[in-house]
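S.K.: quick one: sequence and predicted model below, then my questions.
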Amino acid sequence: MGEKFLISGGIPRVFGELVSGHVFKQAELAEIDFENEIYTPVISYKTPPKFCSDTLPSITFGCFYICENVIYLPTRTEVLIVDRKTYKILDIITDPLFNDIHDVYVFKNKLYVAVTGLDAVFVFDLQNKERKIISILDEGLNRKHSKKSNLNKVVSLKPHKAHPNHLFELNDEIWVTRLKLNDAVCLTDLNKRINITDGLPHDGIVRGNLVYFTTVNGNVVICDTSDNNKTKTIKLTGAPVNGKTPLGWCRGLYVDDTHFYVGFTQLRTTKITENLDWVKNIIQEKKMVNKPLPTRIEKYTLNGEYVSEFKLPKEGIYNVFSIHKI
């Protein structure tokens with residue numbers, strides 16, 4: 001099989017723009033031919049004004065899920081249901097409490113939506129349309145927002161206490177990564193936990209008896225699903241010619257039988273000014289970074305040996321969220 005993938009993310013208003021919360025003018029889903037370095041946009045989308053902020057809304061696609069012939073593709077405030085072959089939008093699921101969606105997952109005819117703004121996961125029954133909200137914090141759901149709130153219009157609800165990122169299925173249960181708490185937890189029992197200490201975690205990709213996590217500082221952490229203990233941490237190196245330049249914001253992962261492909265988003269100053277010591281320390285050591293590495297997809301062997309990369313075009317997706325094989 002060839003190396004062709006679908007990737008999701010957003011197109012910035014101004015390349016490298018620094019204003020947090022207002023960066024992306026439209027969402028984009030694109031096909032990429034990794035080997036031949038061909039980038040083909042298949043969906044460019046702007047959220048309707050009634051479902052986003054009135055002031056320079058940041059519109060981007062988050063992590064998507066493919067179920068048979070349908071793609072469940074989230075913006076920050078909607079979930080688009082898309083025909084996998086034609087990329088036609090078939091339906092849109094909305095909710096006034098959707099704010100900063102990061103991922104979606106379908107399991108047993110239920111749609112799980114990681115609503116990062118509320119530190120919660122919404123569960124929609126795809127048959128009877130009933131909705132359930134699960135807090136991913138022991139203290140329960142943030143009650144300062146009433147059921148009548150329209151959080152679609154709120155640019156940001158930061159700071160988040162947990163920051164749910166990525167949903168995945170493990171042992172017939174749904175789990176979610178919590179970036180701020182350095183772990184992944186089971187939605188039906190928050191005491192079931194995978195501890196991830198090598199950085200702020202993102203993707204959780206299950207392959208066989210292993211689950212692979214990215215950390216935003218450039219690691220792939222591998223855990224055994226039988227006991228949820230870490231078996232290995234692979235520190236990604238990037239291309240040798242890049243030297244010690246920070247690799248970028250590491251998010252987006254695909255794993256096959258021989259390789260894994262990982263996404264890196266070009267660093268913006270806003271990422272450095274957040275509480276990201278891994279970037280600050282590198283910047284301090286090098287005094288400054290004259291030219292950050294571009295957004296790209298890197299290929300590695302399963303042992304972590306760098307193979308090659310595909311740099312995304314400057315006019316393409318700036319912030320990689322998901323990588324799926326076509």
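M.R.: Cool, got the structure. Numbering: from 1, shown residues only.

S.K.: where are the low-confidence patches of this structure?
M.R.: Low-confidence segments of the chain (pLDDT under 70): 1, 15-21, 142-148, 269-290.

S.K.: tell me the SS of Thr214?
M.R.: Following DSSP: H, G, I helix; E, B strand; the rest coil, Thr214 is assigned to strand.

S.K.: who touches it in this structure?
M.R.: Shown in contact with Thr214 (Cβ atoms under 8 Å, 6 or more residues apart in numbering): Pro201, His202, Asp203, Val220, Val221, Cys250, Arg251, Gly252, Leu253, Val262. Just so you know, the C-beta spots here come from the backbone N, C-alpha and C atoms, and that holds for glycine as well.

S.K.: strands of the stretch 101-250 of the chain, start to end?
M.R.: 101-107, 110-115, 120-125, 131-135, 164-170, 173-178, 183-186, 189-195, 201-207, 210-215, 219-224, 230-235, 249-255 (DSSP state E, counting those that start in this stretch).

S.K.: so which of the ones you listed gets nearest Arg268?
M.R.: Taking Cβ to Cβ, strand 249-255 is the member of the strands of the stretch 101-250 of the chain nearest to Arg268, at 8.6 Å.

S.K.: after the closest one, next one along is what?
M.R.: Using DSSP states H and E, the helix or strand that follows strand 249-255 in sequence is strand 259-265.

S.K.: Glu28: which of the strands of the stretch 101-250 of the chain is closest?
M.R.: With Cβ to Cβ as the measure, strand 249-255 is the member of the strands of the stretch 101-250 of the chain nearest Glu28 (13.7 Å).

S.K.: next, the angle from that closest one to strand 164-170.
M.R.: Orientation check (axes from the mean of the first three to the mean of the last three Cα atoms, to 10 degrees): strand 249-255 against strand 164-170 gives 20 degrees.

S.K.: name every strand pairing with strand 249-255 and say which way it goes.
M.R.: In the sheet, strand 249-255 lines up against strand 259-265 (antiparallel) (DSSP bridges).

S.K.: now do the partner strand against strand 210-215, angle only.
M.R.: Interaxial angle, strand 259-265 versus strand 210-215 (the same axes, to 10 degrees): 20 degrees.

S.K.: what does strand 259-265 rub up against?
M.R.: By Cβ under 8 Å, 6+ apart, the residues outside strand 259-265 that reach it are 5, 7, 9, 34, 212, 214, 218, 220, 236, 238, 247-255, 293, 295-302, 307, 318-321, 323.

S.K.: check contacts around Lys153.
M.R.: Contacts of Lys153 by Cβ under 8 Å, 6+ apart are Cys52, Ser53, Asp54.

S.K.: who wins for most neighbours among the residues you listed?
M.R.: Sorting these by how many neighbours each has (other Cβ atoms under 10 Å) puts Cys52 first, at 21 neighbours.

S.K.: can you give me every residue that contacts it?
M.R.: Counting by Cβ under 8 Å, 6+ apart, Cys52 has contacts Ile59, Arg76, Thr77, Asn152, Lys153.

S.K.: likewise Tyr300?
M.R.: Contacts of Tyr300 by Cβ under 8 Å, 6+ apart are Val220, Ile234, Leu236, His259, Phe260, Tyr261, Val262, Tyr306, Val307.

S.K.: rewinding a little: closest to Phe64 out of the contacts of Lys153?
M.R.: Nearest member of the contacts of Lys153 to Phe64, counting by Cβ to Cβ, is Cys52, at 18.6 Å.

S.K.: hang on, His22 is in a strand, isn't it?
M.R.: No. Per three-state DSSP, His22 lies outside any strand segment and is coil.

S.K.: the spatially closest residue to it that is not a sequence neighbour: neighbour count?
M.R.: Of all residues not flanking His22 in the chain, Leu56 sits nearest, at 4.0 Å (Cβ to Cβ, 6 or more residues apart in numbering). Leu56 has 15 neighbouring residues, counting by other Cβ under 10 Å.

S.K.: looking at the contacts of Lys153, which one is closest to Lys129?
M.R.: Cys52 (22.7 Å).

S.K.: and that closest one, how far from Val320?
M.R.: Distance from Cys52 to Val320, counting by Cβ to Cβ, to the nearest Å: 21 Å.
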